[in-house]
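*Asks:* I would like the atomic coordinates for the input below:
(one chain, ligands or ions: 2)
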Amino acid sequence: MSPNSTLRDFIERMPKAELHIHFDSINPDVLLKAAARNKLTLPYQTLEEAHKWHDFKDLEEFLGKWLQTVEVMLTEEDYFEAAYDLGKDMERQNILRREAMFTYQAVHAHRVSLEVMMNGLAEARKAIKKDFDRDLYFLADIDRTQSPESGMDMVKSILPYAESVGIIGVGFDCQEVGYPAKPHKKSFELARENGFFLSAHCGEEYASGPIAVWDIIKNMNPDRIDHGNQSIRDAKLVQYLAESQIPLTLCPMSNVGIKVYNDISEHPTIALRDRGVFVTVNSDDPPFMKNDLVDNFCKLAESFKLSRTDLCDFARNSFLASYATSEQKKQYLKLLDDWIESEV
Ligand code: ADE
Ligand code: ZN
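*Replies:* Ligands and ions are numbered 1, 2, ... in the order given. The predicted model follows:
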C-alpha cells in the first residue's frame, strides 16, 4: 500500500461501514440552527461552548446531557437537517453504509410525533442516496428503562415506517444497570416476527459487567452486541463469543469518554480480536465523545501499532457484520477489495 499516505489519510479513504452511531447525538452546529429557527435556547451558544459542555464523569451524566440538547428539535425540517448531516459526514469519512440508531421513547416522544420525525428521516435518506450515493439505514432502539408495554408500543408504531425510513433492526439502549432484558422479551419477539434484526447495548460500563452480556444472549438471541467490551473479564463468555461469532460493535473512544477506561491503550478491542471474537470499530456519539469513526481507527492504530492490513480487516468486518443483504455485502466488499488493490 502506498507508503506515502499518512495513516489518517489512509483510514479516511478506506471504504467502511459504521454500525453503532446514535442519530440522536446531533452535531452542535445543526442544533444551533434548529434552536434559532424554533426560537429556543441550548445549554451552549457557540461551538466552543458546546465542546466544553460535552464532558462527563460517567454514562449517567452523559445520558442526562444527551436528552437535553435535542429539545430544540421540533419540525420535519429539523429532522431532515440532522439526518442529512449524517450523510455529509459519511461522504467526509468515506463511510459507504451507516446503520444509525434512534431512541424515540427516551429522546423525542414527549415533544414530537413519530410521524414528524419519520418524515424528516425518510426524506433525508433519499437525498443522501441521490447526492452522495451512500446508504443510510436506521435501527429503532427500545429504551430499556421504560416499561415493557411502552417498548411494545414503540415496536408496533414503527412498522408503517420501516420501508420508507429504512429501519432494518430493533436495538436496546439507555442505562443498563438495574434494567434487565427479560421483561422486554415480547418486544424482541414482535420485532423478529416483523423481520427486524436485533441488537442490544450491554456490558458497556464496569458495573454492568459480563453478566449483562450473558443476559442479552439468553433473553434476546441477538444478531449483534453493541459495546460488550466488559466481556473480556469472563473467559467463558469470550470463548462463547468466539465460537458463535456474534459481532460486537465496539466504541473505544466513547468508553474512554464516559471514563470506563482512562486511555485507549486499556481498551480490549485488540485483546478480544486476538481471542477470535468478531469485533468492529464504531464511534457511538461523535459530538459528545469528540471522536468520529476515523478518530477511533487512528487512535487504535497508533496505540496498538496496527498495520494497514489490520485496518482493512476491520473495514471488512464492518461490512460483514452489517445488516445488509448478501447482494449488498458482495458489492461493498468488492469496492473494498478494489480499493485495497489500487493502494498496493
Ligand atoms: N445512548 C446513546 N449512547 C449510549 C450509550 N453509550 N450507552 C447507552 N445508551 C446510549
Ligand atoms: Zn451506543
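
*Asks:* where do the helices sit along the stretch 1-150 of the chain?
*Replies:* 7-13, 28-37, 47-53, 59-69, 76-93, 104-107, 114-132, 148-158 (DSSP state H, counting those that start in this stretch).

*Asks:* from the chain's centroid, how far away is the fifth one?
*Replies:* The chain centroid and the centroid of helix 76-93 are separated by 15 Å, computed with CA atoms, centre = their mean, to the nearest Å.

*Asks:* which other helices and strands contact the helix or strand bottoming out on mean pLDDT in the chain?
*Replies:* Scoring the helices and strands of the chain by mean pLDDT, DSSP states H and E places helix 59-69 at the bottom, with a mean of 92. Packed against helix 59-69 by the contact rule (3 or more CB pairs under 8 Å, 6 or more residues apart in numbering; DSSP states H and E) you find helix 104-107, helix 286-289. The C-beta positions use only the backbone N, C-alpha and C, and glycine is treated the same way.

*Asks:* burial check on the residue lying closest to residue 254 once chain neighbours are set aside, number of neighbours?
*Replies:* Sequence neighbours aside, residue 284 is the residue nearest to residue 254 in space, at 3.5 Å (criterion: CB to CB, 6 or more residues apart in numbering). Under the neighbour criterion other CB atoms under 10 Å, residue 284 is assigned a count of 29.

*Asks:* from residue 204, how far off is residue 284?
*Replies:* 9 Å (CB to CB, to the nearest Å).

*Asks:* next, the contact list for the closest residue to residue 176 other than its chain neighbours, please.
*Replies:* Once flanking residues are discounted, residue 176 sits nearest to residue 208: 4.8 Å by CB to CB, 6+ apart. Neighbouring residues of residue 208 by CB atoms under 8 Å, 6 or more residues apart in numbering: 176-177, 202, 230.

*Asks:* and what of residue 78?
*Replies:* Residue 78 is in contact with 34, 37-38, 72, 120, counting by CB under 8 Å, 6+ apart.

*Asks:* for residue 197, find the nearest of the helices of the stretch 1-150 of the chain.
*Replies:* helix 148-158 (13.0 Å; CB to CB).

*Asks:* contacts for the closest one, please.
*Replies:* Contacts to helix 148-158, defined as CB under 8 Å, 6+ apart, come from residues 104-105, 114, 118, 140, 142-144, 165, 167, 170, 183-184, 186-187, 190-191, 194.

*Asks:* mind doing that once more with 10 Å?
*Replies:* Residues from elsewhere that reach helix 148-158, judged by CB atoms under 10 Å, 6 or more residues apart in numbering: 102-106, 109, 114-115, 118, 138, 140-144, 146-147, 165, 167, 170, 172, 182-191, 193-194, 196.

*Asks:* how many other residues sit next to the residue of the chain found nearest ligand 1?
*Replies:* Per CB to the nearest ligand atom, residue 173 is where the chain lies closest to ligand 1, at 3.8 Å. Look at residue 173: counted by other CB under 10 Å, it has 25 neighbours.

*Asks:* would you confirm that it contacts residue 62?
*Replies:* No. Using CB atoms under 10 Å, residue 173 makes no contact with residue 62, being 12.0 Å away.

*Asks:* report the distance from stretch 72-88 to the chain centre.
*Replies:* How far stretch 72-88 lies from its chain's middle: 17 Å, per CA atoms, centre = their mean.

*Asks:* is ligand 1 within reach of stretch 140-154?
*Replies:* No. Looking at stretch 140-154 against ligand 1 by CB under 6 Å from any ligand atom, there are no contacts, and the closest approach is 7.6 Å.

*Asks:* show me how far that stretch is from its chain's centre.
*Replies:* Between the centre of stretch 140-154 and the centre of its host chain there is 18 Å, according to CA atoms, centre = their mean.

*Asks:* okay, buried residues for that stretch please.
*Replies:* Using 16 or more other CB atoms under 10 Å as the test for burial, stretch 140-154 gives 140-144, 146, 151-152, 154.

*Asks:* what about that stretch, average pLDDT?
*Replies:* If you average the pLDDT over stretch 140-154, you get 98.

*Asks:* got the contact list for the closest residue to residue 65 other than its chain neighbours?
*Replies:* Among residues not flanking residue 65 along the chain, residue 56 sits closest, at 6.8 Å (CB to CB, 6+ apart). The contact partners of residue 56, taken as CB under 10 Å, 6+ apart, are 62-66, 257-259, 288-289.

*Asks:* for residue 56, give me phi and psi.
*Replies:* phi -140, psi 150 (degrees, to the nearest 10).
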